[in-house]
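Enquirer: Sequence and computational prediction follow.
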Amino acid sequence: MSKLIYDVMQRFEVENGVPHLVSTNIQVIQGGEDLLSLATSLLAKLGFYEKFEENRTSQYIGFRLKKPGKGTKRYQLVLAQRKEGLCISVPQNIAKPYILEIFRVVDAPIKYEFDLGEAEITEARLWVLPSKEDLFLEAIKSSYGSTAIRLLKGEVVGRLGAHPFEYEDQFDNGQTFIGIDYGGNEFKFEQLGSSDNYLILMEDKLFPYTWQVCITSSEVLNEFLAYFAKILMEQ
């Protein structure tokens, strides 16, 4: 049976002379390969280090362009080992064209008017695994109906309102048009099918210009890094 050696880093905050544990960072340094080590190995195989330089800290590994253009000196990729898995952060402007935002419509006051209008609230930002797109679309059709599939046009990017439905109405001149409304304000992740089909993007509080995903599977890590490393290298 092989031995595993772990590198454990703990941070404490002292208040009134009493230490409180703030965070714990654990890495496998011998006898096994953790997701962080796997990620850097994958990036090396993809040729990522030819264009990006690595900066290691106790909390994360950040990657900047070796020859940054104007406004691109920030990290373009951040890896951080957390208790919930390997968290990977990518700039929002890079990720946005490749994600799906789910929103719901709520009543909202109209400025300067004593009436209510509508506002869109983003409930989730998702990156759907390319290998699971068909399964994801099947779940969307099951939960939101065929109208949602038509709105997405077979894609898993852009914006989609929860529970969309079509209705027919007429203009004053008698012309008929098809409109889209949203039936219900409730959103649940269960409506999207298996969570194995997508990753949830959250704002990275340390790097607020990025969105962050947390990964616990080597297979998903392979698919995510292969996808976004290529996009980043093509900048």
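Expert: Thanks, I have the structure now.
Enquirer: Under a three-state scheme, what state does residue 154 occupy?
Expert: What DSSP: H, G, I helix; E, B strand; the rest coil gives for residue 154 is coil.
Enquirer: Hmm, residue 80 and residue 39 touching each other?
Expert: No: Residue 39 lies out of contact with residue 80 (CB atoms under 8 Å); the separation is 10.4 Å. C-beta coordinates here come from the backbone N, C-alpha and C atoms, glycine included.
Enquirer: intersection of neighbour lists for those two?
Expert: The contact sets of residue 39 and residue 80 overlap at 86, 88 (CB atoms under 8 Å, 6 or more residues apart in numbering).
Enquirer: so the residue lying closest to residue 187 once chain neighbours are set aside is in which element?
Expert: Of all residues not flanking residue 187 in the chain, residue 123 sits nearest, at 4.4 Å (CB to CB, 6 or more residues apart in numbering). According to DSSP states H and E, residue 123 maps onto strand 116-128.
Enquirer: Over to residue 37?
Expert: Using DSSP H and E, residue 37 falls in helix 35-45.
Enquirer: in that helix, what's buried?
Expert: Judged by neighbour count using 16 or more other CB atoms under 10 Å, the buried positions of helix 35-45 are 35-36, 39-40, 42-43.
Enquirer: Check the average confidence over it, would you?
Expert: In this model, helix 35-45 has a mean pLDDT of 95.
Enquirer: what packs against it?
Expert: Under the contact definition 3 or more CB pairs under 8 Å, 6 or more residues apart in numbering; DSSP states H and E, helix 35-45 sits against strand 18-30, strand 61-65, strand 77-82, strand 85-91, helix 218-233.
Enquirer: can I see the domain layout of the chain?
Expert: Domain segmentation of the chain under automatic domain parsing yields 1-32, 35-91+203-233, 100-196.
Enquirer: Let me know the average pLDDT across the shortest one.
Expert: What domain 1-32 shows for mean pLDDT is 59.
Enquirer: cool, and the longest one?
Expert: Domain 100-196 carries an average pLDDT of 77.
Enquirer: mind listing what the spatially most central residue of the chain touches?
Expert: A centroid search over the chain (CA atoms, centre = their mean) returns residue 201, at 2.2 Å, as the residue closest to the centre. With contact taken as CB under 8 Å, 6+ apart, residue 201 is in contact with 95, 99, 125-127, 211-213.
Enquirer: just those now: which is nearest residue 231?
Expert: Among the contacts of residue 201, residue 95 lies closest to residue 231 (CB to CB), at 8.7 Å.
Enquirer: any idea which element that closest one lies in?
Expert: Going by DSSP H and E, residue 95 is in helix 92-95.
Enquirer: and that helix, what does it pack onto?
Expert: Short answer (3+ CB pairs under 8 Å, 6+ apart): helix 92-95 packs on strand 210-215, helix 218-233.
Enquirer: Against residue 54, how distant is the closest residue to residue 126 other than its chain neighbours?
Expert: Distance criterion CB to CB, 6+ apart; nearest residue to residue 126, sequence neighbours excluded, is residue 198 at 4.4 Å. Separation of residue 198 from residue 54 (CB to CB, to the nearest Å): 28 Å.
Enquirer: Check the contact between residue 193 and residue 135; I expect there is one.
Expert: Yes: counting by CB under 8 Å, residue 193 touches residue 135, with 6.5 Å between them.
Enquirer: Can you pick out the residue with more neighbours from those two?
Expert: Set side by side, residue 193 and residue 135 show more neighbours around residue 193, with 19 against 16, by other CB atoms under 10 Å.
Enquirer: wait, what's in contact with that one?
Expert: Per CB under 8 Å, 6+ apart, neighbours of residue 193: 135-136, 138-140, 142-143.
Enquirer: can you do 6 Å?
Expert: residue 139 (CB atoms under 6 Å, 6 or more residues apart in numbering).
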